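1. have a look; sequence and predicted model below, questions after that.
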Amino acid sequence: MATKTRATGNTGRMKDSEFHQFFVDELKDIYWAEKHLVQALPKMQKAATSPDLAAAFEKHTSETKTHVETLEKVFELLDEKAAAKKCEAMEGLLAEANSIIEDTEKGTMTRDAGLVLAAQKVEHYEISTYGTLRTFAETMGHDDVAQLLQQTLDNEKATDQALTQAAEGFILEQAVNE
């Protein structure tokens with residue numbers, strides 16, 4: 001039976017490794033993404049027609065602020081400065097969300113369906129990022145960091161499920177009939 005080799009927490013040597021620096025760089029990327037999402041979600045909330053969808057965006061704004069704080073704790077645990085590096089992927093996803101708002105009629109469920117689509121694209125990006133970063137942290141023996149990243153990953157998955165439920169219910173039924 002194969003055993004899993006784990007890093008021993010030799011942070012002095014590990015901190016200088018190319019992989020550790022790559023990991024930190026990717027944390028900076030998602031940190032930028034989360035900070036910009038905190039700014040974008042209220043616009044999506046305001047654009048939503050459905051009170052339930054607007055409430056979901058409001059709730060996720062609060063959760064995203066917590067994600068930013070969690071990442072700041074991760075940087076602290078790694079003895080790194082919390083710094084953001086522009087996330088090209090999130091910038092593109094948020095630009096797409098803005099396009100959906102601009103290209104759909106205010107007060108329609110078609111707009112809400114588009115907002116759900118945009119939000120789920122963001123969630124799937126975050127889910128893949130947090131899942132991979134958690135695995136990186138585990139592999140390097142940063143169990144405390146991995147646990148924090150897992151908590152955020154779980155929250156992102158729950159948000160994705162809530163968006164699916166909102167879309168499959170009232171929103172899509174109404175959008176089809178517009």
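-> Received, thanks. Numbers count the residues shown, from 1 in each chain.
2. report pLDDT for the residue nearest to the spatial centre of the chain.
-> Most central residue of the chain, judged by C-alpha distance to the mean C-alpha position with Cα atoms, centre = their mean, is residue 126 at 3.4 Å. For residue 126, the pLDDT comes out at 98.
3. which strand or helix spans the residue lying closest to it once chain neighbours are set aside?
-> Residue nearest to residue 126 in three dimensions, not counting chain neighbours: residue 156, with 4.7 Å by Cβ to Cβ, 6 or more residues apart in numbering. C-betas here are computed from N, CA, C, even on glycine. Element membership of residue 156 [criterion: DSSP states H and E] is helix 143-166.
4. where does the chain dip in pLDDT?
-> 1-15 (pLDDT under 70).
5. show me where it has its helices.
-> Taking DSSP state H to define them, one finds helices in the chain at 11-15, 18-47, 51-77, 88-103, 109-139, 143-166, 172-176.
6. out of the ones you listed, which is the most enclosed?
-> Mean neighbour count, computed with mean count of other Cβ atoms under 10 Å, is highest for helix 109-139 among the helices of the chain, reaching a mean of 20.
7. and the angle from that helix to helix 18-47?
-> Helix 109-139 runs at 160 degrees relative to helix 18-47, counting by axes from the mean of the first three to the mean of the last three Cα atoms, to 10 degrees.
8. output the contacting helices and strands for helix 109-139.
-> helix 18-47, helix 51-77, helix 88-103, helix 143-166, helix 172-176 (3 or more Cβ pairs under 8 Å, 6 or more residues apart in numbering; DSSP states H and E).
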